[in-house]
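Peer 1: Build me a structure from this.
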Amino acid sequence: MVTDIVEFKSVRELMEYVDREFENVRKLMEKYNGELEDAEARASAYERIMKAVGGKAATGPHQEINFFGLKVIIGPTPMDEVEALKQIILKLNEKMTGLQRVRRAVELLVQETPVMNIKVLIIDEVPQKLIIKI
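Peer 2: Sure thing, here's the model as predicted:
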């Protein structure tokens, strides 16, 4: 988790930051959605092959170990890859929602008060708290 306090000299500068981050996340979502489609096709093929040879497709992680608090999957199945990609997409979707929420809030705030300077608490590239000087 990356945490920072960034000072923006204007609302426009903050909105440009939000728009840039939103576009970066949108591009990542496109990339990972494409990878998910490919992984789902591999998982489906894997299940069909296992069914054809009379085996049962493994659905859980294989040889998952905890290494210094980090989950390590050795020899992942296609289903493990699908699950990992779904987790990534879920987190990116949450990030997009957070950026949209910030955009709406800032748009409403600037209608009500003249903003001279904005400090923003940013966690994982998403503004979490606005400190507005009037």
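
Peer 1: Helices of the chain, residue ranges please.
Peer 2: 11-52, 78-112 (DSSP state H).

Peer 1: could you say what helices and strands the last one packs with?
Peer 2: Contact here means 3 or more CB pairs under 8 Å, 6 or more residues apart in numbering; DSSP states H and E; on that basis helix 78-112 packs against helix 11-52, strand 126-133. In short, each C-beta sits where N, CA and C put it, glycine included.

Peer 1: Quick one: closest of the helices of the chain to residue 118.
Peer 2: Within the helices of the chain, the stretch nearest residue 118 is helix 11-52; the backing value is 5.6 Å (CB to CB).

Peer 1: quick check: angle from the closest one to strand 126-133?
Peer 2: Per axes from the mean of the first three to the mean of the last three CA atoms, to 10 degrees, the angle that helix 11-52 makes with strand 126-133 is 170 degrees.

Peer 1: For the helices and strands packed on helix 78-112, give me CSV that also has mean neighbour count, mean pLDDT and distance to residue 5.
Peer 2: Formatted as CSV, the helices and strands packed on helix 78-112 follow (neighbours: other CB atoms under 10 Å; pLDDT from 0 to 100; distance: least, CB to CB, whole Å):
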stretch, mean neighbour count, mean pLDDT, distance to residue 5
helix 11-52, 14, 92, 13
strand 126-133, 15, 84, 8
